[in-house]
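> What follows is a predicted structure for the sequence shown.
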Amino acid sequence: MAGGQPVTGPQPLGPLIHSFFLDHLITVKGLRPASVRSYRDTIRLLLCFVADDKKTKITKLSASDLTFERILGFLRYLEGDRHNHARTRNQRLAALHTLFDYIASRDPEMLGICQQVTAIPMKRAAPAETHFLERDEIQALFRHLPRAGRLALRDRALLLFLYNTGARVQEVADLRAGHLELGEHPLERRSSSAGRGFLLGRLTAVECAIPCSWRVVKRTRTARRGSRRCRLPGWRWRRSCRPTRGCLMMR
């Protein structure tokens, strides 16, 4: 006891960061692995910056080392030393806002610093240019798709599905047979995504007929990309051959 008050040491940073990823991002928010990796990269850069600024090892850092001044210095470091665009800086800052909101709920002694960090505004930046195809260009694309070959039907179904539903590539990669409701009209597909809830999209009769034909063919092929082997989905996406975002992008 010191002055009638219990003496407590600085809050260890390791358990706090670990619970942020495991309990908050994955369990509570249910983020996808790609989103978790984005948070990981931001926090890794922050910890390296703070350790270098304090001239100590990362393993020696505590929660009290995450000061408001260091966070401002980190943002300046991103733009000045790493030459990050304002949009990248804003993305990193959004991750820090989430982190410090979580720290405030776990360590009330840091509430003041957390409030300062979460009040840091985003920088104004011109939106990224959006590229898209007009309807006549889409129609020309489908007219020139191969009609023969082992993967022609599958590729046509994927493109039709992406165009008519507006689904993301990852959402299509996560699609399973149980997500298709083919028994009643209107025909729908259900796909969940972080921050987007459940998406409902009407499927055309052509799109419904094509997936049903996948079930009659079970072949898959193996492709090699660089030094990694990946299983490209054939006609039927089986449990042992789940499509991935990388495989779809290769098509």
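Now that the structure is in, tell me what you want to look at. Numbering: from 1, shown residues only.
> use CA for all of it now, contacts and neighbours both
Fine.
> What is the burial count for the closest residue to residue 110 other than its chain neighbours?
Counting by Cα to Cα, 6 or more residues apart in numbering, residue 110 lies nearest to residue 104, which is 6.2 Å off, once chain neighbours are set aside. Look at residue 104: counted by other Cα atoms under 10 Å, it has 16 neighbours.
> Could you measure from residue 104 over to residue 73?
Relative to residue 73, residue 104 is positioned 21 Å away (Cα to Cα, to the nearest Å).
> Next, the buried residues of the one helix or strand residue 46 maps to.
Per DSSP states H and E: residue 46 is located in helix 33-54. Using 16 or more other Cα atoms under 10 Å as the test for burial, helix 33-54 gives 39, 42, 43, 46, 47, 49, 50, 51.
> Check stretch 11-22 too.
In stretch 11-22, counting by 16+ other Cα under 10 Å, buried: 11, 13, 16, 17, 20, 21.
> Need the distance between the two termini of that stretch.
Stretch 11-22 has an end-to-end distance of 18 Å (Cα to Cα).
> what sits up against it?
Residues outside stretch 11-22 that contact it (Cα atoms under 8 Å, 6 or more residues apart in numbering) are 36, 59, 61, 62, 63, 64, 99, 102, 103, 106, 107.
> Then stretch 90-100?
The contact list for stretch 90-100 (Cα under 8 Å, 6+ apart) reads 20, 39, 42, 43, 75, 114, 117, 118, 122, 123.
> quick revisit: looking at the buried residues of helix 33-54, spot the one nearest residue 25.
Ranked by distance to residue 25 (Cα to Cα), those are led by residue 39 at 8.9 Å.
> could you measure the nearest residue to that closest one once chain neighbours are set aside against residue 129, distance?
Leaving aside its chain neighbours, residue 39 sits nearest to residue 95 (5.9 Å; criterion: Cα to Cα, 6+ apart). For residue 95, the distance to residue 129 equals 23 Å [Cα to Cα].
> Who has more neighbours out of these two?
residue 95 (17 against 6).
> and the angle from the host helix or strand of residue 75 to helix 33-54?
Applying DSSP H and E as the criterion places residue 75 in helix 68-80. Computed with axes from the mean of the first three to the mean of the last three Cα atoms, to 10 degrees, the direction of helix 68-80 lies at 110 degrees from that of helix 33-54.
> Now helix 68-80: buried residues?
In terms of neighbour count (16+ other Cα under 10 Å), helix 68-80 has its buried residues at 68, 70, 71, 74, 75, 77, 78.
> contacts for that helix?
Identification of contacts with helix 68-80 by Cα under 8 Å, 6+ apart yields 46, 49, 50, 84, 85, 86, 89, 93, 113, 116, 117.
> what do you get for stretch 24-43?
21, 92, 95, 96, 102, 194.
> ok, residue 63 - contacts?
Contacts for residue 63 (Cα under 8 Å, 6+ apart) come out as 10, 11, 12, 13.
> please redo it, this time with the cut-off set to 10 Å
Residue 63 makes contacts with 10, 11, 12, 13, 14, 16, 17, 103, 107, 110, as judged by Cα atoms under 10 Å, 6 or more residues apart in numbering.
> Among those, which pair sits farthest apart?
Farthest pair in the contacts of residue 63, by Cα to Cα: 14 and 110, 15.9 Å.
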